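> quick one: sequence and predicted model below, then my questions.
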Amino acid sequence: ARWRGRRHRLRLAAAALAAALACGFGGWAVGTVVESAPAVQPAHPGLFEAALVAAGGHEVGRVFAHPGEPGRPGWVYMSVDLEGGGRGPVRCVLDAAGGGSAVLGSFPLRDGYGYWAAPAEVGPAAPAGVRLLAADGTVLATARFAAGGA
């Protein structure tokens with residue numbers, strides 16, 4: 001009985017040592033991965049972001065506008081979720097800060113959901129905003145950009 005008690009304690013000690021080694025190795029491995037992970041890059045200073053807001057005041061998507069670089073156009077990206085708000089094409093209209101607007105293009109919604117990106121003439125100053133229009137011209141949602149960008 002005495003020998004069995006000793007063997008039991010030896011097994012417990014061996015198991016505790018193995019668990020401690022495993023935890024130590026796991027902590028070292030996680031620390032090494034975290035230290036070698038690349039730093040998260042901040043948002044591009046020229047990127048403009050705004051909430052796409054429906055008539056009821058609730059957010060139905062996001063809009064991003066990025067100014068172009070010399071010799072390259074900027075772009076606008078939009079994601080929309082009108083919560084089952086229909087199908088069919090919708091149009092994206094970019095409103096310039098100094099007045100005027102431009103239809104950037106159209107994309108389909110399926111059960112109220114869609115996303116779209118297109119090249120656009122976006123200057124270094126924030127555009128005033130974006131309007132999402134139904135095929136008949138009804139305004140479905142709008143977004144207003146902050147002057148400073150993201």
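Everything's here; your move.
> going by C-alpha atoms from here, please, whenever you check contacts or count neighbours.
Will do.
> so which residues of the protein form helices?
Along the chain, the segments classed as helices by DSSP state H run 2-36.
> hmm, V76 and A117 touching each other?
Yes. The pair A117 and V76 qualifies as a contact (Cα atoms under 8 Å) at a distance of 5.5 Å.
> of those two, which one has the most company?
Shown here are A117 and V76; by other Cα atoms under 10 Å, V76 has more neighbours (23 against 18).
> beta partners for that one?
A65, A118 (DSSP bridges).
> and it, what does it touch?
Neighbouring residues of V76 by Cα atoms under 8 Å, 6 or more residues apart in numbering: V63, F64, A65, H66, A117, A118, P119, A120.
> rerun that using 6 Å as the cut-off
Contact partners of V76, counting by Cα atoms under 6 Å, 6 or more residues apart in numbering, are F64, A65, A117, A118.
> most widely separated two among those residues?
The distance between the two most remote of those (Cα to Cα) is 10.8 Å, for F64 and A118.
> among the two, which residue is more densely surrounded?
Neighbour totals were compared for F64 and A118, and F64 leads with 20 against 15 (other Cα under 10 Å).
> skip the chain neighbours and tell me the closest residue to that one.
Spatial nearest neighbour of F64, chain neighbours left out: E49 (4.5 Å); criterion: Cα to Cα, 6 or more residues apart in numbering.
> pull the number of nearby residues for the one you found.
23.
> and what of L133?
19.
> and what of G68?
17.
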